[in-house]
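S.K.: Build me a model from this:
(4 chains)
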Protein chains: 2
Amino acid sequence: MARPKSFEPPQALEIAMKTFWRRGFHAVSIDDLISAMSLSRQSLYDTFGDKETLFAKALSQYENAYLTKEVDHVSSRQPGDRLFGTFAGWIRADDQAAAAGCLLTNSLAEFTDDRPRLRMIVGEINGNYESKLALCCRAAQEEGAIPNHKDCALLAETLLYIRHGIMISKRAGGGANVRAAQAAFAKLLQ
Amino acid sequence: MARPKSFEPPQALEIAMKTFWRRGFHAVSIDDLISAMSLSRQSLYDTFGDKETLFAKALSQYENAYLTKEVDHVSSRQPGDRLFGTFAGWIRADDQAAAAGCLLTNSLAEFTDDRPRLRMIVGEINGNYESKLALCCRAAQEEGAIPNHKDCALLAETLLYIRHGIMISKRAGGGANVRAAQAAFAKLLQ
DNA sequence: ACAATTATAGAATGCTCAGTCTATTACAAC
DNA sequence: GTTGTAATAGACTGAGCATTCTATAATTGT
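M.R.: This next block holds a predicted model:
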């Protein structure tokens, strides 16, 4: 009963997410987004809200499309192998992520007190990811892949440090040194 | 033989550095810097150049005042103890760094291809830091504090991952979990 | 065909940005 | 005090920014 949209919101959001991922919140303008997403200015505001709201949605999309997939399947079967598979995924030189690192890591670095809303959202996503990582470790521990004396919450926090560090290195252009990272995982899980 | 400056360049640069450290390059405007540094617009441009040049100087100041001090004294005496002291420094909840993380880490996350000059400078500083860290490990190894079978270059890269991760966590507000970080260092240096 | 509804293009608004220009001011040497 | 030199305050420029407004276009149900 009205004119249909000339774009598909999920695809447009995906493009917005990748744009923010590559260049960051501050460095991307609304005009940049309009041309990348191929929609009109008004359509962007009507469909996704203002820049902060759009970023929040992009971040949520990133969480669903990337972060959750890294950890949510680990506990189901062969948690030890799957957890190592997750680590391998952190190291792997996927073209996209190799250049852009991780949107979560980047956002943790980017937002300060002057963007309280985004800062809080980003912090929550990071906390959720860490919690899930701890559950993965616990599952691997029950399977016997990680020794019982290990504190899984502590281990998850350490693994998250390494993940953030790897993502920073990828973004900086150097890529991740597979041997360095693998050696670290092997040691930490002893 | 002329009017003297009403500000002291080293102190002004220190303030600029801390401003960029806390808020990032993109989020800080020239007006922000002028009021923080307490000088006139023209004095800023005359003394420090444009925004990119000022940032480059601030980064160099950060390197000299913080990064170099972390690693340069390690090799001289008791390298093992001193290296652990450096790790302790990464974890310590210094008020300033706890809120702002590390300017190097933040900058690695912030600059992309659209700031090629700063990206390159930041990459070089990161590379220098990693090299020095490897030298620290080598010195500790010669002293017997690190086992001989360890590859110091690889170890330095891993330690740098953890450092970046800790700095991201500090900046995000959580601070660094002392036990998690210490456990990681102990394991990795075995 | 017409009415109701929603999407679109693009102009307009008001603000902030980095960087420059101009006129004035404060000092040192003489 | 006069002169030369450099620093300062603050107006100015032109571009870019996020966001809103307006007029037009494309649909669907009747």
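
S.K.: okay but A:K57 is in contact with A:L13, surely?
M.R.: Yes - using CB atoms under 8 Å, A:K57 makes contact with A:L13 at a distance of 6.0 Å. For the C-beta atoms, the positions are set from N, CA and C on the backbone; glycine is no exception.

S.K.: what residues are shared contacts of these two?
M.R.: A:F48 (CB atoms under 8 Å, 6 or more residues apart in numbering or on different chains).

S.K.: Now the element after the biggest helix by length in chain A, going C-ward?
M.R.: The residue-count maximum for a helix in chain A (DSSP state H) belongs to helix A:116-143. Using DSSP states H and E, the helix or strand that follows helix A:116-143 in sequence is helix A:152-171.

S.K.: Quick one: mean pLDDT for the following helix or strand past that following helix?
M.R.: Scanning forward in sequence from helix A:152-171 by DSSP H and E, the next helix or strand is helix A:178-188. Mean pLDDT, helix A:178-188: 87.

S.K.: which other helices and strands contact helix A:178-188?
M.R.: Judged by 3 or more CB pairs under 8 Å, 6 or more residues apart in numbering or on different chains; DSSP states H and E, helix A:178-188 is in contact with helix A:79-91, helix A:152-171, helix B:152-171, helix B:178-188.

S.K.: in it, what counts as buried?
M.R.: Residues A:180-185, A:188 are the ones in helix A:178-188 that count as buried (16 or more other CB atoms under 10 Å in any protein chain shown).

S.K.: what is the orientation angle of it with helix A:79-91?
M.R.: Helix A:178-188 and helix A:79-91 are oriented at 150 degrees to each other (axes from the mean of the first three to the mean of the last three CA atoms, to 10 degrees).

S.K.: does the longest helix of chain A come close to DNA strand D?
M.R.: No - using CB under 7 Å from any atom of the strand, helix A:116-143 never reaches DNA strand D; the gap is at least 11.4 Å.

S.K.: any idea of the mean pLDDT for that helix?
M.R.: For helix A:116-143, the mean confidence score works out to 97.

S.K.: how about that helix, does it get close to chain B?
M.R.: Yes - counting by CB under 8 Å from any CB of the partner chain, chain B is contacted by helix A:116-143 at A:119, A:122-123, A:126.

S.K.: among those residues, who's most crowded?
M.R.: Highest neighbour count within these, by other CB atoms under 10 Å in any protein chain shown: A:V122, with 24 neighbours.

S.K.: pretty sure it is in contact with A:L104, am I right?
M.R.: Yes - using CB under 8 Å, A:V122 is in contact with A:L104, at 6.9 Å.

S.K.: Now for these two: what residues contact both?
M.R.: A:L59.

S.K.: Identify the nearest residue to A:I121 in space, disregarding sequence-adjacent positions?
M.R.: A:A56 (5.6 Å; CB to CB, 6 or more residues apart in numbering or on different chains).

S.K.: Provide the secondary structure category for that neighbour.
M.R.: helix (DSSP: H, G, I helix; E, B strand; the rest coil).

S.K.: coming back round to it: out of the helices and strands packed on helix A:178-188, nearest to A:S40?
M.R.: Of all the helices and strands packed on helix A:178-188, helix A:152-171 sits nearest to A:S40, with 31.7 Å by CB to CB.

S.K.: what is the rounded mean pLDDT of that closest one?
M.R.: Mean pLDDT, computed over helix A:152-171, is 95.

S.K.: That one: which residues count as buried?
M.R.: Neighbour counts over helix A:152-171 (16+ other CB under 10 Å) mark A:152-171 as buried.

S.K.: Mind checking if it is in reach of chain B?
M.R.: Yes - applying CB under 8 Å from any CB, one finds helix A:152-171 touching chain B at A:154-155, A:157-158, A:160-166, A:168-169, A:171.

S.K.: show me the contacts for A:F111.
M.R.: By CB under 8 Å, 6+ apart, the residues touching A:F111 are A:25, A:118-119, A:122.

S.K.: before we move on, the earlier item: would you confirm that the residue nearest to A:I121 contacts A:V122?
M.R.: No - using CB under 8 Å, A:A56 is not in contact with A:V122; the gap is 9.3 Å.

S.K.: Residue numbers of chain A in contact with DNA strand C?
M.R.: Within chain A, the positions near DNA strand C by CB under 7 Å from any atom of the strand are A:1-7, A:39-43, A:46.

S.K.: List buried residues within those residues.
M.R.: The neighbour count (16+ other CB under 10 Å) marks A:7, A:39, A:43 as buried among the residues of chain A next to DNA strand C.

S.K.: and of the residues you listed, the nearest to DNA strand D?
M.R.: A:S43 (9.5 Å; CB to the nearest atom of the strand).

S.K.: Run through the residues that contact the closest one.
M.R.: Residues counted as contacts of A:S43 (CB under 8 Å, 6+ apart) are A:5-7.

S.K.: and if we set it to 7 Å?
M.R.: A:5, A:7 (CB atoms under 7 Å, 6 or more residues apart in numbering or on different chains).

S.K.: Could I get the phi/psi values of it?
M.R.: phi -60, psi -40 (degrees, to the nearest 10).

S.K.: same deal with A:Q78?
M.R.: According to degrees, to the nearest 10, A:Q78 has phi 40, psi 60.

S.K.: before we move on, what about A:D113?
M.R.: Dihedral angles of A:D113 (phi, psi; degrees, to the nearest 10) stand at phi -60, psi -20.
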